[in-house]
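*Asks:* Take this sequence and fold it.
(one chain, ligands or ions: 1)
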Amino acid sequence: MSDNHVVKQIVDSMSLDEKIRLLAGRDAWHTQPIESASLPSVMLTDGPHGLRKQEEGFGLNGSIPSTCFPPACLMAASWDEGMVGSVGSAIGEECAAEDVSIILGPGVNIKRSPLCGRNFEYYSEDPYLAGKMGAAFIRGVQKNGIGTSLKHFAANNQEKARMSSNSIIDERALREIYLKPFEIAVRESQPVTVMCSYNMINGVYSCENGWLLSDVLRDEWGFEGLVMTDWGAMDDRVEATLSGLDLEMPGPSPMNEKKIRKALEDGALSIEDIDKCVSRIVSMVMRCRNVEKKPYSVDAHHKIAHDMAASSFVLLENDGALPLGNGRYLLIGALAEKPRYQGAGSSRINPTKLDSIRDSLAASGMAFDYAPGYDAETGSTDDKLISDALRVSEGKDAAIVIIGLPESYESEGFDRKHMDLPSGEIRLVEALLDAGVPVIAAVLAGSPVILPFRKRVSSLLFCYLGGQAVGSALADVLSGRVNPSGKLAETFPLSVADTPCFGSFATDDRNVEYRESIFVGYRYYDWAGKEVAYPFGYGLSYTSFSLHSFDVRKDGDDVAASLSVRNTGEKEGEEVVQIYIGLPGSHIMRPVRELRAFRKVRLAPGEEERIEIRLSHDSFSYYDTELQSFEIEDGEYIIYAGTSSRDLPLSASIRINGRKEAHGAYAERGKLPSFESLFRKDVPRIKADGGITLNSTVSEVLETEAGKAILAPIVKEAEKAYEAIGGDVRTMMLSMLRDMPLRALSMNSGLDVQAIYEALKGYGA
Ligand code: BGC
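*Replies:* Residues are numbered from 1 along each chain as shown. Just a heads-up that it's a prediction; the model follows:
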């Protein structure tokens, strides 16, 4: 019997009550079982850089041990789809061993601003790179029979007010930038599920956006799986059902069960509407249940985490101090003992082991003195910590200084306010440099930071968050056992004021205006001619490479670009060849160039390889706002090849036939058009309507008399409960609470939101 037939039989055998029950989870992490239909409950759990399986409850702590692989921020810097696939596959094996059917990831949201607190969970500022990485991860996980949940669909690019904000984006930016990574991942790897985001896009919550979930995701891109809500993202269950949203998480949801029943009675929903969702849930359960339970090797997975990290750290500066030689070294930095290796929030993994940097360097046979230099929790220092560091540095050839962002600086749930490192850490590095100590700095952080000493240090390695093998991976790179080959998947600007969305990122409580349109990341810096600290795609190696003999030719609908890459240095190493496309003289505003392909190549000293990279016809497309489709503009395109977005020694032009006219806003280089002109009608801002609704945020309600009387004591209790949890969960929950819509308060709290709402409405009546 075909799978579809089995699914249909199961659905047909279910009563209406059972169908309605199945539409929301059994609890925080499981689907409902339907005993009469022998449909088991399956487990869905975070994700994305490891398995966060909690035995019970919603709390964010206390999950079973599993391998903490490097988060997406570091994985993306590998530019290595094979390696990302092997991490996905290892996570799939861990899911199978632990009876988990769906892992909640990958997250492919675009890094619109380096300030987004959750950037460590995302791949890139570039949609092509983010999409490719996401697709590789999904293929890796799903080859084990486990499903993924591609998230957060879509346009969730900040943490501030993430459950209530309205992302206002023009159609071209949406299609070319914010939806593109999802499109690539869906088309290339068909994730079993997609998770809708909390926010609205242009005034419509993602959970009930029929254009997004049905027209684009299913009809245009051919998505065959199930759409679930992010945890607590359900707004109007009836509208959501009609829009293509299948599963509400977490559950159960008695309030929405009632609404569905009523809608069926009123005729707002038909049984066919319900059956569509039920069939997709049943088909997901049937597909992902019963994966063979096999133990996995903790050591083998630790090794994969190690290899992923070691080949992704980005070498930003090096005057030859790295790799380390036989000198007398000193290790400084409290993070060397207590490394930051993952981000805070729902993705936090309880690792199977952890390689500290200090222990790993010692285990590799290096003898060194050590001084903490600052406090690991806060990054602050004092005269004593500095003078101790200076004292032990006497007579040493160089100091290896480990610095980075403390956990309180970046997390799911809130955004950074600035891009600075703690001033104590900067003071420490500068004190060493002023004393004439050569510094080899390694930075641990989930996002770019301003590095004021970057031109004074001997070497600078950006390690992002390295996963549980961070220490051994770093020891291997410092010693030269591994040659670094990471490349930035995002630009390091010179200052936060230089970022394209400066002034419109996380400024308003509700409306987030994406004023920079398609000019995100390097697309903006190149177009506006801005200097940056380190460009997108940049990263050094212990060897050197040269690219030559570029040839570009048409091959059917594709373009084939060939070039030779030579390792001109003395060490084996890997280089990432990057291909960008631009169209000078376009009729519409365009980035100067955009990444359209890449390939990582490993070469022995002196070795040369000829590679061919194919560019599909679609690589030349832009989104035409009048025709409402991706189109190709006729013209003489330039194809660039090189090793970073600002190091492109090879270029060639090629004529591509297409439409003589292109529709979309036009702008002079570096001058953004008015925001209003990017929209056909009014800019879709939302206004708080004055009255209290289930979508009013906690802080909006607290401003009313009813809120002060009824909600304030509840909020106080919730805050006390979060305070008691402590740690990063405390900070995350406290910062989210006031921006939450009222309806989301029921999640994880046992509160009867409907009753609270009625009481608020009835107050003073
Ligand atoms: C996060 C999701 C996560 C879910 C379950 C949400 O708050 O946004 O990424 O998968 O919680 O923990």
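
*Asks:* what are the ranges of the strands in the stretch 551-700 of the chain?
*Replies:* 558-567, 573-582, 594-603, 608-615, 621-624, 629-632, 635-642, 650-656 (DSSP state E, counting those that start in this stretch).

*Asks:* and among those strands, the most buried is which?
*Replies:* Greatest average neighbour count among the strands of the stretch 551-700 of the chain goes to strand 573-582 (a mean of 22), per mean count of other C-beta atoms under 10 Å. (C-beta placed from N, C-alpha, C; glycine too.)

*Asks:* neighbouring contacts of stretch 539-548?
*Replies:* 77, 314-318, 322-323, 480, 483-488, 563-577, 603, 605, 641-644, 649-650 (C-beta atoms under 8 Å, 6 or more residues apart in numbering).

*Asks:* change it to 6 Å
*Replies:* With contact meaning C-beta atoms under 6 Å, 6 or more residues apart in numbering, stretch 539-548 is reached by 314-315, 318, 323, 483, 486-487, 563-569, 571, 573, 575, 650.

*Asks:* what's the answer for stretch 129-136, then?
*Replies:* Against stretch 129-136 from outside (C-beta under 6 Å, 6+ apart): 76, 81, 84-85, 106, 108, 123-124, 181, 184-185, 188-189, 489.

*Asks:* and A268, what helix or strand is that in?
*Replies:* Following DSSP states H and E, there is no helix or strand that holds A268.

*Asks:* contacting residues around it?
*Replies:* V238.

*Asks:* backbone phi and psi for A263, please?
*Replies:* phi -60, psi -30 (degrees, to the nearest 10).

*Asks:* Which residues of the stretch 251-400 of the chain lie near the ligand?
*Replies:* Applying C-beta under 6 Å from any ligand atom, one finds that the stretch 251-400 of the chain approaches the ligand through S346.

*Asks:* ok, which stretches of the stretch 251-400 of the chain are strands?
*Replies:* Under DSSP E, counting those that start in this stretch, the stretch 251-400 of the chain gives strands at 314-318, 329-332, 350-351, 368-371, 398-404.

*Asks:* Number of residues surrounding the single nearest residue of the stretch 51-200 of the chain relative to the ligand?
*Replies:* Ranked by C-beta to the nearest ligand atom, the top residue of the stretch 51-200 of the chain for proximity to the ligand is L104, at 3.8 Å. By the measure other C-beta atoms under 10 Å, the count of residues near L104 is 27.

*Asks:* I'd like the numbering to begin with 9 instead of 1 from here.
*Replies:* I'll keep to 9 as the first residue from here, and by that count the last item is L112.

*Asks:* just checking, it touches S157?
*Replies:* Yes. Under the criterion of C-beta atoms under 6 Å, L112 makes contact with S157 at 4.7 Å.

*Asks:* Who are the contact partners of whichever residue of the stretch 409-558 of the chain sits closest to the ligand?
*Replies:* Nearest residue of the stretch 409-558 of the chain to the ligand: E420, at 6.7 Å (C-beta to the nearest ligand atom). Contacts here follow C-beta under 6 Å, 6+ apart; on that basis E420 touches R126, G353, S354, M740.

*Asks:* Now it, what are its backbone angles?
*Replies:* phi -60, psi 140.

*Asks:* Just the local confidence number for it, please.
*Replies:* With respect to pLDDT, E420 scores 93.

*Asks:* about what we covered before: just send the contacts of stretch 137-144 back as TSV, with distance to the ligand too.
*Replies:* Converted to TSV, the contacts of stretch 137-144 look like this (distance: C-beta to the nearest ligand atom, whole Å):
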residue	distance to the ligand
A84	17
E89	23
V92	19
G93	21
P114	10
V116	12
Y131	14
S132	18
P189	16
I192	20
A193	16
E196	22
S197	19
A497	20
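
*Asks:* Point to the helix or strand of the chain where mean pLDDT is at its lowest.
*Replies:* Scoring the helices and strands of the chain by mean pLDDT, DSSP states H and E places helix 735-745 at the bottom, with a mean of 81.
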